[in-house]
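Asker: Pasting a predicted model and its sequence here:
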Amino acid sequence: MLRLLVSLVPVSPPVFSKWAGSVWEANVEHSGFCLTEYAPLSSPGFSEQNMACSSGTGGSAGPCEAGRQCSSSLGSVPHLRKRRKAGRGRESLDEALVRFLNSQRVAEERFLALEECRLQREAEAEERRVQLEQRRAEMERQHEFRMFGVFAHMVSTLRPETPQSTAAPKTPPPADATTSSRVKAPQLGDNGGSHLSQPHSSPDSPRASTYLSRRGNFLRNWEGILQEGFNLYQTDKHDEDKNPNGIINLGTSENKLSLDLLSKRLMQSDMFQVEPPLLQYPDWRGHLFLREEVARFLTYYCKAPTPLKPQNVVVVNGCSSLYCLIATVLCDPDDGILIPTPFYGAITEDVTLYSGVRMVYAHIDCQSGSEDRPFHLTVEKLERALEEARQEGINVRAIILINPHNPLGDVYSPSEMQELLEFAKREELHAIIDEIYMLSVFDETTTFHSVLSFSKLPDPQRTHVLWGISKDFAASGIRVGTLYSENSDVICALGEVLTFHGVPGTIQHQVAQLLHDRDWINQVYLPTNRARLKTAHHLLASELKGLGIPFLNRPSGFFIWADFRKYLREETFEEERTLWRLFLRYKVLLSCGKAFECSTPGWFRIVFADKAYRVQLGMQRLREALAELNQGDQSEDRNKINKSGKERKPREEGRTKAANRKKLSQAETKSQDPHFSLDEDDDVVQVSCLSVPPAAELDSLIGVLRQKMRSSDWLEKNTPELFAQDNPEVFEVFSKLIDRPKE
């Protein structure tokens, strides 16, 4: 082993000690020390010559020689420091290596996260594929069930001796789904009962709270069927992905077909403006710029003969607020407001709960008789109801007329509205005209005429027109309603209570921009919205025809008024509510006739302004509920036969056959009524209304059924192209699944 002997001494003539036979390397300090002379070493394998400072001489070196050696040795110091810096470079390399490894680890973690996301997306896509397959299978089963229903009806016509029961047992839903914590409302009699609105609860009931006043208990115990169904829907909403077994809402009148159009328009830049006046207390009747825009809008779309005046416009947070405000300023507590039934049921709550005003019902019968259409509103019916109310001491102050009508969908002609306004003038009644569906008339052959288009109103000081954006612009969540009245006293009185019903300034700005954009309204929104409403109406009408359910074919609104009376054991409102609860148990919400104060039990309002697949799924659930009723009928018939143990007598069989023929004849007559069916011919859905075929064998019956299936245009009306237009995303996924090769 080679050793280097280095000793540090104070500055003196340098003396060097040297490795024998090695290259000298050392760090030299600059603190006044010098390297000493190499001590001669006698190591094995080294000679004295190699110990010398010079490689060519031996012995001791002189001072000069030693100085040169020292200088030569010191001259090598920078070289040594460079090697020391090289060591620092190695440390930097280690740090770079660590950083590289860390970055590699982070990249691997990111890769694993992306891979996990990819697998999750594939799993979600597979789940959606399974759901689409299930939906397709459900649609196939739906068509098969329809054809089976046709076949079953045709078979039943060949066996008239089978007992036909008029009682349809109902299976009540679970208690937790239908039990209400509120006091039940008294039911009207089968003949329509009183023409006055009945309180739905009593403040003196056993459930009265000691913390509330009589009025507070009245409000607390109030029960509205529409609100009850909507509350149940809110707790169990249907969602295609998150809650596919939730309640499908075909009862609330909302336009869900054009939400995309409105959302896109509201996201444009002109909608986002916040000026200081919008953040301050406004004129409670509405900002002037909005009232001016509403006046121009109504002048244009109502075709007013002269421009409407902004000072006659009031803007509040929805038409419900307008009803309670108008009732407050026009009537005293216990006064009455006349309204023909059926009508939008929430009006009763809007009027009664705030102002204490009573509703006076003019019941319109569903039987057409010698009249030209069912539920035909006439002045004679209004006069009869008004006279009965006055005989009972009710001070009737106003009449409410809805045009286009909810729930009937009627669009009244100018002559009809003129006659009704003349009646109101004769009786000195304020005419409250609700035109909230005026732009939702989807049939090109029908034209809506607003009362504001009349060149001269019979009593302009008592005529008040309501309109809002909830229906026509698919904006039920943006609470904006407008009133137009030429009575300055009414406008002034409303202004004193509008503090409680104001609209935020930013919302007023957006609504003004929306109503001002005539190009978008006329070229984009209205044509698209009306086309979608018409298509959805046709879809629901076809479903009802397939079930053999009569309905009113009307050209406006978001709903169809359908007749389910044949599914009631008895024509009572209790049986109607039982059927309504059965539909809820099958997770589909409709609005029953009692909610609209219909005088005849068994009518339901079904909303079609929703996505096609949701309407079809809701109708499938409705069909399953009705199938349960039919099975209950058959089971009850068999039980009666088993209990009696005897066959029917020939005379009883003849009576049964005559009754069946009469029933089918009535159904055929009703099917020929244009107000109870579509104008288009559809053999598959109309076969339930055919008369009794002649007696034939089962083979011939099957042949007839096959002929009906061949002549059906169901497949033509449900082509892949039409489905692709309605559901482009679903069709794209379905097409990929079909093109995928089978494993």
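Answerer: Thanks, I have the structure now. Everything numeric in this text was worked out from a predicted model, so none of it was measured. Residues are numbered from 1 along each chain as shown.

Asker: make it CA atoms for all contacts and neighbour counts henceforth
Answerer: Will do.

Asker: Look at the residue nearest to Ser476 when sequence neighbours are not counted and give its secondary structure.
Answerer: Nearest non-adjacent residue to Ser476, counting by C-alpha to C-alpha, 6 or more residues apart in numbering: Ser470, 3.9 Å away. Under DSSP: H, G, I helix; E, B strand; the rest coil, Ser470 falls in the helix class.

Asker: same question, Lys256
Answerer: Three-state call for Lys256 (three-state DSSP): coil.

Asker: so what's the backbone phi/psi at it?
Answerer: Per-residue torsions, Lys256: phi -100, psi 10 (degrees, to the nearest 10).

Asker: Might you list the low-confidence residue ranges for this protein?
Answerer: Across the chain, the ranges flagged by pLDDT under 70 are 1-91, 149-207, 368-372, 632-719, 721, 737-738, 740-743.

Asker: Show me what the longest helix that it contains is packed up against.
Answerer: If you go by DSSP state H, the chain has its longest helix at helix 77-157. Judged by 3 or more C-alpha pairs under 8 Å, 6 or more residues apart in numbering; DSSP states H and E, helix 77-157 is in contact with helix 698-711, helix 728-739.

Asker: repeat that for 10 Å
Answerer: Judged by 3 or more C-alpha pairs under 10 Å, 6 or more residues apart in numbering; DSSP states H and E, helix 77-157 is in contact with helix 526-547, helix 612-644, helix 650-671, helix 683-686, helix 698-711, helix 728-739.

Asker: when you compare where it runs with where helix 526-547 runs, what's the angle?
Answerer: Taking axes from the mean of the first three to the mean of the last three C-alpha atoms, to 10 degrees, one finds that helix 77-157 is oriented at 50 degrees with respect to helix 526-547.

Asker: which residues in the stretch 251-400 of the chain form helices?
Answerer: 259-266, 288-301, 319-330, 346-355, 379-391 (DSSP state H, counting those that start in this stretch).

Asker: looking at those, which is buried most?
Answerer: Most buried of the helices of the stretch 251-400 of the chain, by mean neighbour count (mean count of other C-alpha atoms under 10 Å): helix 319-330, with a mean of 21.

Asker: Give me the phi and psi for Asp239.
Answerer: Backbone geometry at Asp239, expressed as degrees, to the nearest 10, gives phi -140, psi 130.

Asker: so who does the nearest residue to it once chain neighbours are set aside touch?
Answerer: Excluding its sequence neighbours, the residue lying closest to Asp239 (C-alpha to C-alpha, 6+ apart) is Gly246, at 6.7 Å. Gly246 makes contacts with Tyr233, Gln234, Thr235, Asp236, Lys237, His238, Asp239, Glu240, Tyr586, Lys587, Val588, as judged by C-alpha atoms under 10 Å, 6 or more residues apart in numbering.

Asker: quick one: which of those residues is most hemmed in?
Answerer: Taking other C-alpha atoms under 10 Å as the neighbour criterion, Val588 ranks highest of those with 27 neighbours.

Asker: so that residue bridges to which residues?
Answerer: Applying DSSP bridges to Val588 gives these bridge partners: Ile248.

Asker: In contact with the closest residue to Thr506 other than its chain neighbours, which residues?
Answerer: Distances taken as C-alpha to C-alpha, 6+ apart put Leu278 closest to Thr506, at 6.0 Å, once the chain neighbours are dropped. Residues in contact with Leu278 (C-alpha under 10 Å, 6+ apart) are His287, Pro504, Gly505, Thr506, Ile507, Gln508, His509.

Asker: And for the second one, the neighbour number?
Answerer: Here the number of neighbours of Pro504 (other C-alpha under 10 Å) works out to 19.

Asker: Was I right to think it contacts Arg285?
Answerer: No: assessed by C-alpha atoms under 10 Å, Pro504 is found out of contact with Arg285, at 11.8 Å.

Asker: Quickly list what's touching both of the two.
Answerer: Common contacts of Pro504 and Arg285 (C-alpha under 10 Å, 6+ apart): Val316.
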